[in-house]
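# Okay, here's the prediction I keep looking at, along with the sequence it came from:
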Amino acid sequence: MMLDLQALGFNSLQQPQPGVWIGKSAEMGLGEKIEVVSPIDGSAIASIQLATPAQVNQAVEAASQAFRHWRTVPAPQRGELVRRIAEQVRQHKIILAELITLEAGKIPQEALGEVQEWIDICDFAVGLSRQLYGLTIASERPDHRLMEQWLPLGPVGVITAFNFPVAVWAWNAMIGLVCGDPIVWKPSEKTPLCALACQHLVQRAIATLPDVPPEVCSVVIGKADVGQTLASHPSLPLISATGSIPMGRAVATTVAQRLGRSLLELGGNNGMIVAPSANLELAIRAIAFAAVGTCGQRCTTLRRLIVHNRIADNLVERLQKVYRSLPIGDPNQEGVLVGPLIDSASGEKMQAALETARQQGGKIFGGDRITEGVPKGGVYVQPAIVEISPDAAIVQEETFAPILYVMRYETLEEAIAIHNNVPQGLSSAIFTENFREAEYFLSPAGSDCGIVNVNIGTSGAEIGGAFGGEKETGGGRESGSDSWKAYMRRVTNTVNYGTALPLAQGIRFLD
Ligand code: NAD
């Protein structure tokens with residue numbers, strides 16, 4: 001594959017790449033130099049000089065300056081910027097998807113889908129820029145108006161994970177921009193090139209609008225220390241952080257110290273119940289896509305399958321047949337559906353989890369490392385199906401790899417109890433043709449997750465809904481619905497247009 005790198009703003013990947021991009025000014029980071037590695041074959045594709053905390057502070061200062069102007073630009077004009085960004089993304093969709101494949105190892109269909117998410121959230125945000133509504137509320141006082149407005153919040157720090165190197169930032173940034181907030185982005189250090197390409201496309205759109213300060217979008221590349229510098233910065237009223245639960249705990253603690261706000265999108269341990277009435281043809285396709293898509297590296301990956309006793313043997317047998325024929329390998333090869341894990345540490349964690357599952361009584365199908373017929377240097381694995389007791393400790397954990405734990409149940413109440421008995425609460429699903437079961441799963445006594453589906457899998461959300469989960473998943477909501485409210489400050493206004501000064505609750509004072 002020959003990537004048209006210049007179209008994405010790279011002159012040559014032979015030179016070290018900038019670790020800091022403040023508005024339109026790209027600078028070398030003054031920190032450590034790291035290599036960017038393609039998970040396809042483990043080769044070094046670029047090097048990058050990481051940002052130092054002092055450079056992060058400069059980016060935040062520039063965003064604070066930009067905010068002073070950006071907050072006064074009418075929201076529909078802010079939407080015009082996002083509309084122009086979407087034009088850039090549409091023009092560069094295929095090539096940006098190729099970069100995602102190279103840097104994150106996704107198959108082209110999924111990489112294109114990720115860029116499409118950026119386009120979709122742009123369209124949503126442009127419409128939203130004319131709909132940032134507040135309420136008018138009945139005042140108890142005569143000749144008074146009580147209302148609320150939603151005003152820009154301030155610069156937002158966005159920390160993202162490797163597995164959605166474009167879309168997660170886009171959910172935050174496109175909505176944040178129409179809300180009037182500049183964005184300082186710290187991408188995963190495993191996928192910095194995607195971030196630099198996004199910044200290039202955003203700056204091209206900004207250059208077409210003279211009234212937009214380029215510093216409304218900046219990128220700082222680094223590891224946990226750079227994330228912590230953002231989290232601790234008092235000029236960032238909101239930190240939106242996507243990643244593992246330990247990362248979320250560390251970020252939330254730092255942000256809480258300064259009483260800032262955090263929006264957390266953390267790990268999932270997603271379950272699906274398959275009831276006796278389920279349409280198994282649909283269920284098997286949904287299970288396969290959700291369990292092995294992106295090689296099990298989605299926050300919404302299906303990790304726990306809770307199957308009724310009556311159909312469990314049949315379902316497991318049919319799933320094993322599907323798993324045996326999965327095309328696994330170089331994501332650029334025609335027909336491949338399962339690409340590599342991100343790195344060898346990830347492969348080791350998968351093997352360790354399978355070993356623990358074995359010790360805890362799990363019966364394992366698949367899971368081996370594949371070395372034949374795949375690019376050398378990449379970590380390719382046979383996705384695993386593990387039949388195990390719901391009481392095994394390992395099923396409480398998210399292992400970021402394609403391991404599907406299968407458990408059995410007899411009554412729906414038992415299935416829901418198994419389903420909810422994990423610390424995470426992101427995505428969930430039930431397959432059933434029985435509407436009472438489906439409704440029960442959606443009810444207050446059903447799934448305790450933020451995403452609850454019927455007759456579709458756990459992964460592959462649309463941008464129109466709010467995305468996020470409960471419990472240790474962190475409670476944040478991003479993307480569609482009214483998630484935009486997290487990026488604004490709500491102001492309550494009372495206006496007295498009369499000639500008297502009546503007090504609330506009928507209190508009399510100096511009258
Ligand atoms: P990670 O936690 O290792 O890293 C995520 C980001 O946080 C990176 O940018 C990293 O540099 C930064 N970071 C790490 N430690 C930090 C610290 N102490 N302080 C500040 N920043 C820190 O996660 P990952 O391996 O890149 O991604 C996989 C994880 O992300 C999985 O747990 C997955 O479920 C989760 N995820 C969740 C969602 C969601 O929307 N809920 C979406 C994508 C990924």
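It's in. Numbers count the residues shown, from 1 in each chain.
# what about the closest residue to residue 407 other than its chain neighbours, is that helix, strand or coil?
In space, and not counting its chain neighbours, residue 407 is closest to residue 390: 4.4 Å by Cβ to Cβ, 6 or more residues apart in numbering. In this view, the C-beta of every residue, glycine as well, is placed from N, C-alpha and C. With DSSP: H, G, I helix; E, B strand; the rest coil as the basis, residue 390 sits in coil.
# near the ligand, which residues of the stretch 201-350 of the chain show up?
Counting by Cβ under 6 Å from any ligand atom, the stretch 201-350 of the chain comes close to the ligand at 223-224, 227-228, 231, 242-244, 247, 250-251, 265-268, 299.
# Quick check: mean pLDDT of stretch 182-190?
Average pLDDT, stretch 182-190: 98.
# now swap in stretch 338-351 and tell me
According to the model, stretch 338-351 has a mean pLDDT of 98.
# gap between that stretch and the chain center?
20 Å (Cα atoms, centre = their mean, to the nearest Å).
# And the contacts of that stretch?
37, 39-40, 42, 101, 104-107, 162-163, 190, 292-295, 297, 326-331, 367, 369, 374, 378-381, 383-384, 399-403 (Cβ atoms under 8 Å, 6 or more residues apart in numbering).
# wait, what's in contact with the closest residue to residue 161 other than its chain neighbours?
The spatial neighbour of residue 161 that comes closest, neighbours along the chain excluded (Cβ to Cβ, 6+ apart), is residue 243 at 4.4 Å. Residues near residue 243 by Cβ under 8 Å, 6+ apart: 159, 160, 161, 188, 265, 266.
# Turn these into TSV, columns for neighbour count.
Below are the contacts of residue 243 laid out as TSV (neighbours: other Cβ atoms under 10 Å):
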residue	neighbour count
159	29
160	27
161	22
188	24
265	30
266	29
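# Tell me which two of those residues sit farthest apart.
The distance between the two most remote of the contacts of residue 243 (Cβ to Cβ) is 14.2 Å, for 188 and 266.
# ok, of the residues of the stretch 201-350 of the chain next to the ligand, which come out buried?
Buried residues within these, counting neighbours by 16 or more other Cβ atoms under 10 Å: 227-228, 231, 242-243, 247, 250-251, 265-268, 299.
# Does residue 404 fall in a helix, a strand, or a coil region?
Quick answer, by three-state DSSP: residue 404 is strand.
# Run a quick neighbour tally on the residue nearest to it when sequence neighbours are not counted.
Counting by Cβ to Cβ, 6+ apart, residue 291 is the residue found nearest to residue 404 once chain neighbours are left out, at 4.4 Å. Residue 291 has 28 neighbouring residues, counting by other Cβ atoms under 10 Å.
# average pLDDT for the longest helix seen in the chain?
As assigned by DSSP state H, the longest helix anywhere in the chain is helix 108-128. Helix 108-128 shows a mean pLDDT of 98.
# Thought residue 396 was touching residue 423, still the case?
Yes: counting by Cβ atoms under 8 Å, residue 396 is a contact partner of residue 423 at 6.4 Å.
# rewinding a little: pLDDT averaged over the helix or strand that contains the residue nearest to residue 404 - what is it?
Using DSSP states H and E, the element containing residue 291 is helix 280-292. The average of the pLDDT scores along helix 280-292 is 98.
# What of stretch 437-451?
On average, stretch 437-451 scores 98.
# Contacts for it next, please.
Against stretch 437-451 from outside (Cβ under 8 Å, 6+ apart): 270, 273, 275, 277, 300, 412, 416, 419-420, 425-428, 430, 432, 452, 454-455, 458, 461, 465-471, 473, 477.
# Could you list which of those belong to helices?
Counted as lying in helices by DSSP H, out of the contacts of stretch 437-451, are 412, 416, 419, 420.
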